[in-house]
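Just the structure for this:
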Amino acid sequence: MILIADCGSTKIDWCVLNKTKVDKQIFTLGMNAVMLSEEEIRQRLATELMPELGDMASDIKAVFFYGAGCISEEVCGNVSRAIRANIPSADKVEVYTDLLAAARSLCGRRPGIACILGTGSNSCFYDGTAIVSNVSPLGFILGDEGSGAVLGKLFLGDVLKKQLPAEICARFLDEYQLSLLDIIRRVYKEPQPNRFLASVTPFLSKNIGEPAIHDLVLGAFRAFFRRNITQYSGYESHPVNFIGSIAYYFREVLEEAARAEGCTVGAIVKSPMEGLLKFHAEPD
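As a prediction, the model looks like this:
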């Protein structure tokens, strides 16, 4: 048996794979591994994962962990040792970035362009084995074009500066029960402003038929293609594949933006787990 983990900041999706069959799926609280010590990760796994695995844990021979924040040897080492401390039966423990999870899920063992478009955004060119090129996403202040956080940032800025029709601004502020001071506090004073910014995207999705909102979203997606995808050599001949809720729910506008920037959209899926299960079930 092997254990596969798709770890985000909000939740971790764990699947126990027995050859080609999923024996168990578990959800635990998410984490960003770069923010935690090895001991903190070990304790989180011990209290949240291990009781759910139960006796099944002793049959696990390999663990593949894909996670937010797994961007250095030090962080990956912390996660690997924390897993081994809890699952000593595992002969193999491999820890990778969530971007490789996207690439393996979307492209399998074929070359391609893989992207994440959720609260944040990221992209890479994948050669079928490894990520060979990555335009740094830079986060929602300097980059993350097309992400939920950036869509929220652009929209709230336009609301507060009265750049959108008055009826849209009033409807949004009433629906979300927000004032100018509320928004300023949430963005500049409270933790995780990127999550707050991304939390307004359901309003954008619901009102995408409004020309002003459509144009805002389209412009953000065009910036994603222009500032990221067009930097990959040969991007014109490779479909651009996406994982993430923003790509999934704004599919039509994303495809419109791709056409405008000379790109072609390939697969769009909400979560990488189905593709990861297929990847690890198939022989190399």
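
Quick one: find the helix or strand in this structure with the lowest mean pLDDT.
Ranked by mean pLDDT, DSSP states H and E, the weakest helix or strand in the chain is helix 139-142, scoring a mean of 83.

How far off centre is that helix?
Here the centre of helix 139-142 is set off from its chain's centre by 15 Å, with C-alpha atoms, centre = their mean, to the nearest Å.

can you list contacts of it?
Gly120, Ser147, Ala149, Val150, Lys153, Asn194, Leu197 (C-beta atoms under 8 Å, 6 or more residues apart in numbering). (Glycine included, C-beta is placed from N, CA and C.)

which SSE is the fourth one in?
What it means is Val150. helix 148-160 (DSSP states H and E).

What helices and strands are in contact with that helix?
helix 139-142, helix 166-176, helix 180-188, helix 193-198, helix 201-206, helix 211-227, helix 245-249 (3 or more C-beta pairs under 8 Å, 6 or more residues apart in numbering; DSSP states H and E).

so which of the ones you listed comes closest to Leu45?
Closest approach to Leu45 among the helices and strands packed on helix 148-160 (C-beta to C-beta): helix 193-198, 23.5 Å.

Lowest mean pLDDT across the helices and strands packed on helix 148-160, which one is that?
Summarising mean pLDDT across these, the least confident stretch is helix 139-142, with a mean of 83.

got the buried residues for it?
Along helix 139-142, these residues count as buried under the neighbour rule (16 or more other C-beta atoms under 10 Å): Phe140.

and what of stretch 232-248?
232, 235, 238-248.

who touches the residue nearest to Gly8 when sequence neighbours are not counted in this structure?
Nearest residue to Gly8 in three dimensions, chain neighbours excluded: Gly30, at 4.9 Å (C-beta to C-beta, 6 or more residues apart in numbering). For Gly30, the contacting residues are Cys7, Gly8, Ser9, Thr10, Lys11, Ile12, Ala68, by C-beta under 8 Å, 6+ apart.

out of these, which are buried?
Cys7, Gly8, Ser9, Ile12, Ala68.

quick one: least confident of those residues?
Ranked by pLDDT, these bottom out at Ser9 (71).

Next, that one: secondary structure please.
Secondary structure, DSSP: H, G, I helix; E, B strand; the rest coil: Ser9 is coil.

pretty sure it is touching Asn32, no?
Yes: look at Ser9 against Asn32 with C-beta atoms under 8 Å: they come within range, at 5.2 Å.

Common neighbours of the two, please.
Joint contacts of Ser9 and Asn32 (C-beta under 8 Å, 6+ apart) are Ala68.

didn't Val150 look like it was pressed against Pro137?
No: Val150 is beyond contact range of Pro137, at 10.3 Å (criterion: C-beta under 8 Å).

Find the residues that touch each one of those two.
Here Val150 and Pro137 have Ser121, Asp144 as joint contacts, going by C-beta under 8 Å, 6+ apart.
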